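In: Quick one, what's the 3D model for this:
(one chain, ligands or ions: 1)
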Amino acid sequence: MAEVVAAGKPIAGLQGVVVADSEISYVDGQAGRLVYRGYSIEDLAANSTFEETAKLLLDGALPNRSELDQFNAELIRARRLDSEIIGLIRAYPKNAQPMAVLRTAVSTLGLFDPDTEDIGPEATRRKAARLMAKFPTIVAAFERHRNGHDPVSPREDLTHAANFLYMLTGTEPDPEDARVMDVCLILHAEHGMNASTFSARVTAATLSDIHSAITSAVGTLKGPLHGGANQEVMKMLLDIDQRGLEPADFVRAMLGRKERVMGFGHRVYKTMDPRAPILRGFSRDLTARAGQPKWFTMSEQILETMAAEKGIDPNVDFFSASTYHALGIPTDVFTPIFAISRISGWATHVEAQYRHNRLIRPRANYVGLSDLIYTPIEKR
Ligand SMILES: CC(C)(COP(=O)(O)OP(=O)(O)OC[C@H]1O[C@@H](n2cnc3c(N)ncnc32)[C@H](O)[C@@H]1OP(=O)(O)O)[C@@H](O)C(=O)NCCC(=O)NCCS
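Out: Sure thing, here's the model as predicted:
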């Protein structure tokens, strides 16, 4: 049998592999620091808005007033979904997973987009803004549909975050809730070469269009080891509560069975994810205000147990679960909220990929058989 020449030792999960230079964000896993275009996540969370942060990511610099007003107007104009898309959402099965709905709707939007196959920079930017504007409308429209309600038309006088909550519930949100949602969108907007961003870049690197790249990214974010973790955290909290268990016992039993506790651990952060303390504060305040402090208390007990048993810190998903729950958001809409935010980072990376493109095509180290002789089917 001829020798198969090894291509090199594979690196499991591509851990530590650097695949691009990027000016978009810096994730310092040792220091627990996250920086978008030079600005710390803490500074942006305290002072910026999602719209401004998205524009910062896309352009590489903070916008001035007129640039931001123009961008806001572009987003507001594009919020509404065409009747064809609303008709399709109404045809989706009511028991469909909201992330699967979002993935399908993004792909469908590509069929209707006037710039669909144009991957030039101006057309890509126009499509990015349209996608960013429409993500909340899609998520809210499906939420209404599956509950037997008509979609709520977007309002032009509300921020991106407030309008999303308004379309989801049909009621204008409390300004404090709207600001919490706004900051949550800032915190989730961009995070280096994470799995969904990488999948968007792989798709863009074939010179496929942005709708295809974002469809890949939404499908990748859906998994429980990535964006799906926030809803798994809430399922765990609900399970502990319904069964009247002690959170510490529950977690110890999970670890004893070698199971992953969702919302903990990170490929890059070896210390506290800098987004977690901000969300921890929201979780504490919102659960108290909603008269449900138990979700925060349980989360704290889980955090302490994980620190004592494994020395593993929470990631962005852990406290976002109780925060969204306290805002009255259904559990399976948590991951779509991540996508409503991360579309800004994905679009920025797609543009960067087109600008300095080279096909992304790694190799596999073949460890299978060779030189076998084909056996006709009747002789097998
Ligand atoms: C995010 C994640 C996939 C990163 O995984 P990774 O970089 O491949 O890390 P590893 O799988 O190599 O884990 C290293 C060690 O930590 C443990 N570990 C990591 N995350 C853990 C978790 N959430 N619960 C329990 N143990 C965990 C692993 O069991 C492993 O321990 P071992 O060396 O004793 O086997 C992983 O931490 C995880 O599954 N977390 C839960 C899902 C989640 O919250 N995802 C959202 C990420 S933002």
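
In: Quick one: residues contacting Gly8.
Out: By CB atoms under 8 Å, 6 or more residues apart in numbering, Gly8 lies in contact with Arg363, Asn365. No exception for glycine: its C-beta is placed from N, CA and C like everyone else's.

In: how about it, secondary structure?
Out: Of the three states, Gly8 takes coil under DSSP: H, G, I helix; E, B strand; the rest coil.

In: does Leu359 count as helix, strand or coil?
Out: Leu359 ends up coil, using three-state DSSP.

In: correct me, but Ala20 touches Arg201?
Out: Yes. The pair Ala20 / Arg201 is scored as a contact, 7.3 Å apart, by CB atoms under 8 Å.

In: When those two are compared, which one has more neighbours?
Out: Neighbour comparison, Ala20 and Arg201: the larger count goes to Arg201, with 24 against 16 (by other CB atoms under 10 Å).

In: thinking again about what came up before, identify the contacts common to Ala20 and Arg201.
Out: Residues touching both Ala20 and Arg201 by CB under 8 Å, 6+ apart: Met193, Gln353.

In: contacting residues for the residue of the stretch 101-250 of the chain found nearest the ligand?
Out: Residue nearest to the ligand within the stretch 101-250 of the chain (CB to the nearest ligand atom): Ala229, separated by 3.5 Å. Taking CB under 8 Å, 6+ apart, we find Ala229 in contact with Met262, Gly263, Asn315, Asp317.

In: what's the spacing between the third one and the ligand?
Out: Just to be clear, that refers to Asn315. Noted for Asn315: a distance of 4 Å to the ligand, by CB to the nearest ligand atom, to the nearest Å.

In: Would you check that that residue makes contact with Met262?
Out: No. The pair Asn315 / Met262 is not scored as a contact, 9.3 Å apart, by CB under 8 Å.

In: So what's the residue count around Ile240?
Out: Ile240: 19 neighbours (other CB under 10 Å).

In: How about it: what's its closest non-neighbour residue?
Out: Nearest in space to Ile240, with sequence neighbours left out and distances taken as CB to CB, 6 or more residues apart in numbering, is Phe250 at 5.0 Å.

In: Can you tell me the SS state at the one you found?
Out: helix.

In: In this protein, which residue sits nearest the ligand?
Out: Closest point on the chain to the ligand, by CB to the nearest ligand atom, is Gly265, at 2.3 Å.

In: Isn't that residue up against Asp317?
Out: No. Between Gly265 and Asp317 there is no contact under CB under 8 Å: 10.3 Å.

In: so how far is the top helix by length along the chain from its chain's centroid?
Out: Ranked by number of residues, the top helix in the chain under DSSP state H is helix 121-146. On the basis of CA atoms, centre = their mean, to the nearest Å, helix 121-146 sits 14 Å off its chain's mean C-alpha point.

In: Ok, stretch 210-230 next?
Out: 7 Å.

In: Which parts of that stretch count as buried, going by neighbours?
Out: 210-222, 224, 226-230 (16 or more other CB atoms under 10 Å).

In: Just these: which are in strands?
Out: Nothing among the buried residues of stretch 210-230 maps onto strands, per DSSP state E.

In: Return the subset of these lying in helices.
Out: 210-221, 229-230.

In: Which of these sits closest to Gln292?
Out: Taking CB to CB as the measure, Asn230 is the one of those closest to Gln292, at 17.2 Å.

In: Thought Thr323 was touching that closest one, still the case?
Out: No. Between Asn230 and Thr323 there is no contact under CB under 8 Å: 9.4 Å.
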